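Predicted model and sequence follow; I will ask about them next.
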Amino acid sequence: MSFATSSAGHAKAFIIARVLTGARRFPIPVYVAAFFTAFFLVAGMAPKLLQTHDPLALGLMSPLKAPSRAHWLGTDQSGRDLYSRIVAGTGQSLSIGLGATALSLAIALILGVTAGLSGGWIDNVLSRLFDALFALPTLFLALLFVSLLGTSVSTLIIAVGIGTSPGYARMVRVQVLRVKATGYVEAAKALGHLPKDILFKHILPNAISPLATMFTLGIGQAIIWASGLSFLGLGVAPPSSEWGALLNAGRNYVIYAWWLEVMPGIAIAAFALSVTVLGQYVQQRLERRIELP
């Protein structure tokens, strides 16, 4: 009996030691970023699990109430619970961020690979185009497309996606040129491999691998740009609770109700910082693996 008890105790201690050892493998900021990212993902996919009030329920007797136990982040000008509205708008904000980043990277992949593989005048023309668009502020490009297409969720995705694509396209082009000059690509050419096989088996897999990290980093950036457009009144229209729309709706009351601007801003900053920390950590891990012999 004592032997069994001792064995069980040793096994339990071993498991605890393994868990603690594994926990020390990740920096504390990564855990904090993972927690906030998980929170926002749950809020985006199942907002009712986290909401404390109906985000559309009007509280005519409690407009512009400061944060309290009843309303954690206060209420807006219509008496609606601000925390529940931020949670309700998470899905739309994340959809805009994911969609805009996916569109941006898709455009960058097509144009960047074309420029890197073609060379000659095609590469020169596309490179000058990338440089010219990259020199323009992202917000300016986004404003241009919003003015042409109108204000909606799809317009925000297109505007932010196109506006942020020139920088990614330059990165993809550089990666393609770097991979083209490697020894294994030259060896594949010397062995008589078909151009399409070289492209899909050697160049693309190695050239676009950094896009996974760029995608993570780009989501937060896209949400910030989309929120900026909504704040200017060029995004999603009320009564949407998209984060930028909340900022736009509360700017007229900022003197009397600071929480209407601060709380959505904290949500935007928290998500952008969280995905950036996770993206940078993944990038560092990948770079260490590449450096290992």
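Here it is on my side, so go on. Numbers count the residues shown, from 1 in each chain.

Share the number of residues neighbouring Gly265, please.
Neighbour count for Gly265, taken as other Cβ atoms under 10 Å: 16. The C-beta positions use only the backbone N, C-alpha and C, and glycine is treated the same way.

Check Leu60 too.
For Leu60, the count of nearby residues is 7 (other Cβ under 10 Å).

Checking the residue lying closest to it once chain neighbours are set aside next. Helix, strand or coil?
Leaving out its chain neighbours, the residue that sits closest to Leu60 by Cβ to Cβ, 6 or more residues apart in numbering is Gly79, at 5.7 Å. Put simply, Gly79 is coil when judged by DSSP: H, G, I helix; E, B strand; the rest coil.

residue contacts, Gly79?
Residues near Gly79 by Cβ atoms under 8 Å, 6 or more residues apart in numbering: 58-63, 65.

what would the residues you listed look like in CSV with pLDDT and distance to Leu194?
Output for the contacts of Gly79, formatted as CSV (pLDDT from 0 to 100; distance: Cβ to Cβ, whole Å):
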residue, pLDDT, distance to Leu194
Leu58, 90, 65
Gly59, 87, 67
Leu60, 82, 71
Met61, 86, 73
Ser62, 87, 70
Pro63, 91, 68
Lys65, 93, 68
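
Let me know the helix or strand that Ser274 is in.
helix 259-291 (DSSP states H and E).

Off-centre distance for that helix?
Here helix 259-291 is found 8 Å from its chain centre; the criterion is Cα atoms, centre = their mean, to the nearest Å.

What of stretch 188-206?
32 Å.

What distance do you get for Pro239 to Leu58?
Between Pro239 and Leu58 the computed distance is 10 Å (Cβ to Cβ, to the nearest Å).

scratch that, Phe231
23 Å.

Give me the more crowded residue out of these two.
Per other Cβ under 10 Å, whichever of Phe231 and Leu58 has more neighbours is Phe231, with 21 against 13.

shouldn't the more buried one be in contact with Gly244?
Yes. Counting by Cβ atoms under 8 Å, Gly244 is a contact partner of Phe231 at 5.2 Å.

which stretches of the stretch 101-250 of the chain have low pLDDT?
Applying pLDDT under 70 to the stretch 101-250 of the chain flags no residue at all.

rerun that using 90 as the cut-off
Filtered on pLDDT under 90, the stretch 101-250 of the chain yields the residue ranges 113, 116-124, 126-156, 158-222, 224-241, 244-245, 248-250.

ok but Ala106 is inside a helix, no?
Yes. According to three-state DSSP, Ala106 belongs to a helix.

I'd like the distance between the spatially most central residue of the chain and Thr182.
The centroid of the chain falls nearest to Ile219 when counting by Cα atoms, centre = their mean (1.6 Å). Using Cβ to Cβ, we find Ile219 at a distance of 30 Å from Thr182.

now swap in Val282 and tell me
Noted for Val282: a distance of 23 Å to Thr182, by Cβ to Cβ.

go on, Phe130?
23 Å.

who's more crowded, the two?
Phe130 (23 against 13).

which residues sit in contact with that one?
111, 115, 166, 169-170, 173.

which two in those residues are spaced the farthest apart?
Spanning the widest gap among the contacts of Phe130 are Ala115 and Pro166, at 11.7 Å by Cβ to Cβ.

What sits closest to Val176 if chain neighbours are left out?
Gly116 (2.8 Å).

ok, that neighbour - how many residues close by?
If we define neighbours as other Cβ under 10 Å, then Gly116 has 23 of them.

can you tell me the helix or strand for it?
Per DSSP H and E: Gly116 is located in helix 82-118.

so how far is that helix off the chain centroid?
Here helix 82-118 is found 7 Å from its chain centre; the criterion is Cα atoms, centre = their mean.

follow-up on the earlier one: between the contacts of Gly79, which is closest to Lys196?
Nearest member of the contacts of Gly79 to Lys196, counting by Cβ to Cβ, is Leu58, at 60.2 Å.

in terms of contact, does that closest one touch Ser78 like I think?
Yes. Contact criterion Cβ under 8 Å: Leu58 and Ser78 qualify, at 5.2 Å.
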